[in-house]
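Colleague: the following comprises the amino acid sequence and a computationally predicted model.
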Amino acid sequence: MEGDDNENELQKVLEAGKRKKGSGPKGGQRGTVKGPRSDYLQITPDTPGYKLVQVVFEHAVSKGVSLSELAEHLGIAASTLSHLKTGRRLASSLGREVVEKLAEWLNYPVLAVLILAEQVQLEDFYSPRNDLDRAIERALTFMADDPEWGGMMPKDLVGASTHMKLWAVWMYERATKTRLIPGGIDYLDLLKAMEDFRAEHPASS
């Protein structure tokens, strides 16, 4: 049962950024905005932490929560949310307290929120002793030779950033249950290890 919960949590991260289509106004109606919408974000996807901002505002829309109501629920200033929408404040610079409040409201693991905020990178899951670039290139070669997956591998992945390459390798590993890069910590394994540790060593009240 715990494995299913962890898989659902990971799926939330993987699905982040995918915009859901709404029904929209009907019959010539102008329509009203019932809550903060990512359609009105004044930041672009290349803004650090964009995915977290998008997820937060799309979740608010689905719940019919206004910006002021969301701010009150989170116990933060409405200006903080407004600045996230406009880019005056970056999700990648949010403090731990705000991150934890967002995680609780979204029902995401704190680690997932940190990842969406781009405060944690995939590279952070691997030991700095690894020659990560060389390991990634070997993994990409293995993927390209895979008779089932190689034909679908984008040609421009070779010239992509290290983070993009690592993400592709990470997805392949999860899909095929094959470990291509040693020395790394799996996201779900890490969550389970943290939960097991807290269960064995509960914080004193």
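Modeller: Received it, and whenever you're ready, just let me know what you need.

Colleague: CA atoms for contacts and neighbours, from now on please.
Modeller: Noted.

Colleague: would you agree residue 101 is in contact with residue 72?
Modeller: No. Residue 101 is not in contact with residue 72 according to CA atoms under 8 Å; the separation is 11.4 Å.

Colleague: in terms of neighbours, single out the busier of those two.
Modeller: More neighbours sit around residue 101 than around the other of residue 101 and residue 72, counting by other CA atoms under 10 Å; the figures are 16 against 12.

Colleague: now do the more buried one, the pLDDT please.
Modeller: On pLDDT, residue 101 comes in at 91.

Colleague: tell me the SS of it?
Modeller: For residue 101, the reduced secondary structure class is helix; criterion used: DSSP: H, G, I helix; E, B strand; the rest coil.

Colleague: mean confidence for the host helix or strand of residue 60?
Modeller: Here residue 60 is covered by helix 50-63, with elements defined by DSSP states H and E. In this model, helix 50-63 carries a mean pLDDT of 89.

Colleague: and the helix or strand that that helix is followed by, what does it pack against?
Modeller: Proceeding N to C from helix 50-63, the next assigned helix or strand is helix 67-74, under DSSP H and E. If contacts are counted by 3 or more CA pairs under 8 Å, 6 or more residues apart in numbering; DSSP states H and E, helix 67-74 sits against helix 78-86, helix 96-106.

Colleague: by mean pLDDT, which helix or strand of this protein comes out lowest?
Modeller: Ranking every helix and strand in the chain by mean pLDDT, DSSP states H and E puts helix 2-15 at the bottom, with a mean of 50.

Colleague: which residues touch residue 110?
Modeller: For residue 110, the contacting residues are 99-100, 103-104, by CA atoms under 8 Å, 6 or more residues apart in numbering.

Colleague: tabulate the residues you listed (CSV), appending distance to residue 57 and neighbour count.
Modeller: Shown next, in CSV, are the contacts of residue 110 (distance: CA to CA, whole Å; neighbours: other CA atoms under 10 Å):
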residue, distance to residue 57, neighbour count
99, 15, 21
100, 16, 18
103, 13, 18
104, 15, 14
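
Colleague: now for these: which two are most distant?
Modeller: Across the contacts of residue 110, the longest distance by CA to CA is 8.7 Å; it joins 99 and 104.

Colleague: hang on, the earlier thing: how about a markdown table for the helices and strands packed on helix 67-74, with distance to residue 139 added?
Modeller: Formatted as a markdown table, these follow (distance: least, CA to CA, whole Å):
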| stretch | distance to residue 139 |
| --- | --- |
| helix 78-86 | 37 |
| helix 96-106 | 33 |
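
Colleague: many thanks, I have nothing further to ask.
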